[in-house]
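Asker: everything below, folded, please.
(chains A and B)
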Number of protein chains: 2
Amino acid sequence: MKLYNVGILGATGAVGREMMKVLEERRFPIDELRLLASARSAGKQLTFRGEGITIQEAAEDAFEGLDIVLGAAENDVARRFAPAIQAAGAVFVDNSSAFRLDSDVPLVVPEINPEDVKKHHGIIANPNCTTIISLVAINGLRKASDIETIIASSYQAVSGAGAAGLAELDQQLHAICEGGEVKVGAFPYQIACNVIPQIGGEAYEGYTSEEMKLQNEGRKIMHLPDMKVSCTCVRVPVMRSHSVSILVRTKKKITVEQARELIAAAPGCKLVDDLVNRRYPMPLDTSDQDLVFVGRIREDLTCDKGLNIWCCGDQIRKGAATNAVQIAELLLDA
Amino acid sequence: MKLYNVGILGATGAVGREMMKVLEERRFPIDELRLLASARSAGKQLTFRGEGITIQEAAEDAFEGLDIVLGAAENDVARRFAPAIQAAGAVFVDNSSAFRLDSDVPLVVPEINPEDVKKHHGIIANPNCTTIISLVAINGLRKASDIETIIASSYQAVSGAGAAGLAELDQQLHAICEGGEVKVGAFPYQIACNVIPQIGGEAYEGYTSEEMKLQNEGRKIMHLPDMKVSCTCVRVPVMRSHSVSILVRTKKKITVEQARELIAAAPGCKLVDDLVNRRYPMPLDTSDQDLVFVGRIREDLTCDKGLNIWCCGDQIRKGAATNAVQIAELLLDA
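Answerer: Have a look, this model is predicted:
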């Protein structure tokens, strides 16, 4: 079996560390794993397959000999190093939003549009976490009908702001319980015992950048350029799983029973839908695994061809690290 | 000035105690305040206007001489004592859902349908908390157009389950921070660091009882029997303010600028809508006061005559206690 040299750019963050875990769990065929981060982390060690790997400083000459680089850094870092990664001949599977809407960059959810991977020119983008989770939840419906519109309200975990977001909620919970000072930095306001209806800056007509991703990235991933999406993105005091309340309108009518069958059979989904017995997706149940749980499926009461759906998925895994590793696996097959 | 004898049925719960506070704050013209609760609480004292009042056991003969009874108890208690309250000649302003949809019982939000109070036959119902907060937020729009449909996803505080809900989140937060056992009772699952997409049991076609209230109570309050509402009600780990993400579709188009003006001028509302400067309604800002904060107003991207809106209000106050006292004030004027 061919072995690959794989780099992780931004290895010390929440997503980078999870990528290491997912690569190991899924037995990705790795010869060398190269961990790249800022100068601050260089020289420290992280453990992979039982052995310590010393973190190197990310620099233009750090990518030589790599086949695949998984990007777990911010947009500016992704933009800075993309040319060097391409010059080194590696494929850059990038989790930042820097390249997602570029016409020559595939944007891929392996359960939805795996074939798009083949069109890459050195960069493949990993979609936004809420977009991945929402689209995996409703993708199965497309066997019965095209999707016309999505109306979504999200309940997003603090891990969306990385390790700093996780640490911030933890600090605030302790401060509230023990009487200390609540510190605010990763989010604009206290998130413990609060919800914040803003993720990202204003992007379009009062919508935030995060809110526009479900439409703009969703159209590209699903090859539905006319799909209309209205989204309200809200941060909630949950550690690492996002939830989304979705109203999906389809071209043809889909009954609840049909929808349940389609979703139960859809790749990447687990149907958890039994209200009477109190079974429905919840963030506490979806953390540390890769499936998107889908439930509360019911016919919309405001239109003829609408379904209301509730879904949850692990933001760090399926929303980021696992999806990126799945894309890298498609490169092995190609 | 005429003074009234007022009773509170269920005086020891979160809503009952808040009713005492609101009656005092608003200088309700009270001669006697009679506090009624279960046998367990009888004999204990609560303070009103600086004086201790001894709690009496609620019983059929406990309502003699009262002019108004504010109900802050569960449905079964409300049903049990309604005949005795009416027999005593008092008006029963009830916060339970027992009588809300009865045709001879007005269901009143004073900012929306104060005139309905006059039609009472001894019972006036106080609406569901999420319904009050959502309708106060959008009521101002009706000066420009009829409302046709509402699609709502809620972020509901633990106070919706009363004092037990508040205590449960507090206990769970301490257990998580200090390593103790998380105790579950008021909610079906742990609510700390989680969200639970179920409030109430199944009521209609997969919708919960709580989810159907916005449509069924909303139609009655707004006198819009054909209004269609789809709702997803979700419990979040927030203490006492509910938030709602609302898509409201109107008969005539309303621009964002118009909507801002109408909402800013609407009774009971405070416009907090400046995304660029990070100003929007949040539960931490709306607690312990009576206004519904409204913001994130933007044109819907999936239909022509839709507005997306985000609102927050204190569940115990405007969602329950304050609204009930406001109804009682209308009785004084009548």
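Asker: in the stretch 1-150 of chain A, which residue sits nearest chain B?
Answerer: The stretch 1-150 of chain A approaches chain B most closely through A:T149 (4.2 Å), counting by C-beta to the nearest C-beta. From N, CA and C alone the C-beta is placed, and that goes for glycine too.
Asker: contacting residues around that residue?
Answerer: By C-beta atoms under 8 Å, 6 or more residues apart in numbering or on different chains, the contact set of A:T149 is A:227-230, A:248-249, B:302-303.
Asker: possible to save the residues you listed as JSON lines with pLDDT?
Answerer: Output for these, formatted as JSON lines (pLDDT from 0 to 100):
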{"residue": "A:M227", "pLDDT": "98"}
{"residue": "A:K228", "pLDDT": "98"}
{"residue": "A:V229", "pLDDT": "98"}
{"residue": "A:S230", "pLDDT": "98"}
{"residue": "A:V248", "pLDDT": "98"}
{"residue": "A:R249", "pLDDT": "98"}
{"residue": "B:T302", "pLDDT": "97"}
{"residue": "B:C303", "pLDDT": "95"}
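Asker: can you say which of the residues you listed are buried?
Answerer: A:227-230, A:248-249, B:302-303 (16 or more other C-beta atoms under 10 Å in any protein chain shown).
Asker: so which of those residues are in helices?
Answerer: Judged by DSSP state H, the subset of those located in helices is empty.
Asker: quick one: which of those residues is nearest B:D116?
Answerer: Using C-beta to C-beta, the shortest approach to B:D116 within these belongs to B:C303, at 31.0 Å.
Asker: nearest residue to the closest one other than its sequence neighbours?
Answerer: B:R249 (6.2 Å; C-beta to C-beta, 6 or more residues apart in numbering or on different chains).
Asker: quick one on the thing from earlier: next step: the contacts of A:T149 restricted to strands.
Answerer: Among the contacts of A:T149, DSSP state E puts A:228-230, A:248-249 in strands.
Asker: re the thing from before, in its sheet, what does the helix or strand containing the residue of the stretch 1-150 of chain A closest to chain B sit against?
Answerer: Secondary structure assignment for A:T149, by DSSP states H and E: strand A:147-155. Paired strands of strand A:147-155, with direction, are strand A:228-232 (parallel), strand A:241-250 (antiparallel) (DSSP bridges).
Asker: now do the same contact list for A:V117.
Answerer: A:106, A:108, A:124, A:327, A:330-331, A:334.
Asker: buried subset of those residues?
Answerer: A:106, A:108, A:124, A:327, A:330-331.
Asker: before we move on, the earlier item: between the ones in strands among the contacts of A:T149, which sits nearest B:A163?
Answerer: A:S230 (37.3 Å).
Asker: how much space separates the nearest residue to the closest one once chain neighbours are set aside from A:R142?
Answerer: Excluding its sequence neighbours, the residue lying closest to A:S230 (C-beta to C-beta, 6+ apart) is B:L301, at 4.5 Å. Between B:L301 and A:R142 the computed distance is 21 Å (C-beta to C-beta, to the nearest Å).
Asker: which one's more surrounded, those two?
Answerer: The residue with more neighbours, out of B:L301 and A:R142, is B:L301; 20 against 16, by other C-beta atoms under 10 Å in any protein chain shown.
Asker: so who does that one touch?
Answerer: B:L301 neighbours (C-beta under 8 Å, 6+ apart): A:207, A:215, A:228-230.
Asker: run a quick neighbour tally on A:S145.
Answerer: Look at A:S145: counted by other C-beta under 10 Å, it has 17 neighbours.
Asker: my guess is it contacts A:T250, does it?
Answerer: Yes. A:S145 is within contact range of A:T250, at 3.9 Å (criterion: C-beta atoms under 8 Å).
Asker: what ranges do the strands span in the stretch 101-250 of chain A?
Answerer: A:123-125, A:147-155, A:202-204, A:207-208, A:228-232, A:241-250 (DSSP state E, counting those that start in this stretch).
Asker: centre of the chain to the first one, how far?
Answerer: Taking C-alpha atoms, centre = their mean, to the nearest Å, the mean C-alpha location of strand A:123-125 is offset from the chain mean by 14 Å.
Asker: the fifth one too?
Answerer: With C-alpha atoms, centre = their mean as the basis, strand A:228-232 stands 18 Å off its chain's centre.
Asker: give me the contacts around it.
Answerer: With C-beta under 8 Å, 6+ apart as the test, strand A:228-232 has contacts from A:148-154, A:197, A:207, A:210-215, A:218, B:153, B:245, B:247, B:296, B:300-302, B:306, B:308, B:310.
Asker: Throw together a PyMOL command that grabs the buried residues out of these.
Answerer: To isolate the buried members of those in PyMOL, using 16+ other C-beta under 10 Å:
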select buried, (chain A and resi 148+149+150+151+152+153+154+197+207+210+211+212+213+214+215+218) or (chain B and resi 153+245+247+296+300+301+302+306+308+310)
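Asker: about what we covered before: between the buried ones among the contacts of A:T149, which is nearest B:D288?
Answerer: Of the buried ones among the contacts of A:T149, the one sitting nearest to B:D288 (C-beta to C-beta) turns out to be A:S230, at 32.2 Å.
Asker: what about that closest one, distance to B:I309?
Answerer: 11 Å.
Asker: quick check: neighbours shared by the two?
Answerer: Contacts common to A:S230 and B:I309, judged by C-beta under 8 Å, 6+ apart, are B:L247.
Asker: next, the buried residues of stretch A:256-276.
Answerer: By neighbour count on 16+ other C-beta under 10 Å, the buried set for stretch A:256-276 is A:258-263, A:266, A:268-273, A:275.
Asker: that stretch: how far from the chain's middle?
Answerer: On the basis of C-alpha atoms, centre = their mean, stretch A:256-276 sits 21 Å off its chain's mean C-alpha point.
Asker: again with stretch A:138-145
Answerer: For stretch A:138-145, the separation from the chain centroid amounts to 20 Å (computed by C-alpha atoms, centre = their mean).
Asker: is chain B contacted by it?
Answerer: No. Using C-beta under 8 Å from any C-beta of the partner chain, stretch A:138-145 stays clear of chain B, coming no nearer than 14.6 Å.
Asker: thinking again about what came up before, now for the contacts of B:L301, which pair is the farthest apart?
Answerer: Once C-beta to C-beta is applied, those give A:Y207 and A:K228 as the farthest pair, at 12.6 Å.
Asker: which residues touch A:I30?
Answerer: Taking C-beta under 8 Å, 6+ apart as the test, what A:I30 contacts is A:3-6, A:23.
Asker: which of the residues you listed has the most neighbours?
Answerer: Counting neighbours by other C-beta under 10 Å, A:V6 comes out on top of those with 25 neighbours.
Asker: how far does the helix ranked longest in chain A sit from the chain's center?
Answerer: The longest helix of chain A (DSSP H) is helix A:162-178. A distance of 22 Å separates the centroid of the chain from that of helix A:162-178, by C-alpha atoms, centre = their mean.
Asker: for that helix, what is the average pLDDT?
Answerer: What helix A:162-178 shows for mean pLDDT is 97.
Asker: briefly note if it comes near chain B.
Answerer: Yes. Helix A:162-178 is in contact with chain B by C-beta under 8 Å from any C-beta, via A:169, A:173-174, A:176-178.
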